[in-house]
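Participant: quick one, what's the 3D model for this:
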Amino acid sequence: MNEQAWTFPVCAGVVTHPGQLCAECACASGKPLQTGCPQVRHSSKQMKKQSENPEQPETGKSTNMKKKTLKNKVTWQPLSKDNKEYFEAMMDSMIRYVLRAEIKEKENTQIHLNCLKERFLQLCETHKVSLGEWNSLKEVSNLLVKEMETLEANEEGLAFLQEETEKAVKATELINENIQNLQDKIRILESELEEEEEKAKQVLQLDGTKALSLPELPKKSIKAPILHEEILKRIPNQKDVLKDLHVMNNSAEMKNMLTFIKEAYKKLDAS
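Facilitator: Numbering: from 1, shown residues only. Okay, the predicted model is just below:
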């Protein structure tokens, strides 16, 4: 079976078997170096590169870059104690999760992972980072809980708005149906009105000027005597009858009777 290489970025060591210690972890744990774990020459390679590339004189771009980095360094600070404790607790939980699996040489694996953890925490002591909005990573869980509560509230509000929107849509549909029914009734009434106007035009024979085209009255009807004159002609003693009628109209009894009739009409109108 081919041997599989296991690499760990923080330790920078190479392990040929799972659970086997690299050179630096073996030295840190106090155990002897095992044969299958070659030492890493990463630092020596960096030193060679630095020796091959001596420092060059500063140019305008480099000075600008230095100014920018100086400005940025103002906001970069070492990790706080809370953040270090957060990282330590997280790595402990990860180590416990890894050690739960059935692997060979569990003790060596545990020592190696603990070494990685210690080296990482040592880097946290000296390394500077941009803290950003959160001064402590422990607050992330609290912020997550708050955001989840806000999300639930927003979802409830969204559901309520959807219900209200559906109700409004149904009400709008009913209003549109009522409007359509009223429009149909208006069309029916307009057609009936047009029919009635046609019938009225036929009956009244209206011309274009909206004037009635009635037949002219006969000349005999214009020259005909008034009705009361015809009646008086048939009554003998016309003057005596007219005098009696005048006396009756001016008498107190007739006036009382007229006032009584007026009051009776007023009471009828009031009721």
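Participant: extract the residue ranges of this structure that are flagged as low pLDDT.
Facilitator: The chain contains residues with pLDDT under 70 at 1-75, 102, 130-138, 204-215, 220-225.
Participant: quick one, longest helix in it?
Facilitator: helix 139-204 (DSSP state H).
Participant: mind giving me the packing neighbours of that one?
Facilitator: For helix 139-204, not one helix or strand is in contact under the criterion 3 or more C-beta pairs under 8 Å, 6 or more residues apart in numbering; DSSP states H and E. (C-beta placed from N, C-alpha, C; glycine too.)
Participant: did I read that right, E216 in a helix?
Facilitator: No: read with DSSP: H, G, I helix; E, B strand; the rest coil, E216 is coil and lies in no helix.
Participant: ok, it - how many residues close by?
Facilitator: 5 (other C-beta atoms under 10 Å).
Participant: repeat that for E118.
Facilitator: The number of residues packed near E118 is 15, by other C-beta under 10 Å.
Participant: so which strand or helix has it?
Facilitator: With elements taken from DSSP states H and E, the one containing E118 is helix 106-126.
Participant: against which helices or strands is that helix packed?
Facilitator: Against helix 106-126 (3+ C-beta pairs under 8 Å, 6+ apart) you get helix 23-29, helix 81-100.
Participant: list the buried ones in it?
Facilitator: By 16 or more other C-beta atoms under 10 Å, the buried positions in helix 106-126 come out as N108, T109, I111, H112, L113, N114, C115, L116, K117, R119, F120.
Participant: and the residues you listed as JSON lines, adding distance to Q202?
Facilitator: Below are the buried residues of helix 106-126 laid out as JSON lines (distance: C-beta to C-beta, whole Å):
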{"residue": "N108", "distance to Q202": "117"}
{"residue": "T109", "distance to Q202": "112"}
{"residue": "I111", "distance to Q202": "117"}
{"residue": "H112", "distance to Q202": "114"}
{"residue": "L113", "distance to Q202": "110"}
{"residue": "N114", "distance to Q202": "113"}
{"residue": "C115", "distance to Q202": "115"}
{"residue": "L116", "distance to Q202": "110"}
{"residue": "K117", "distance to Q202": "109"}
{"residue": "R119", "distance to Q202": "112"}
{"residue": "F120", "distance to Q202": "107"}
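Participant: okay then, goodbye and thanks.
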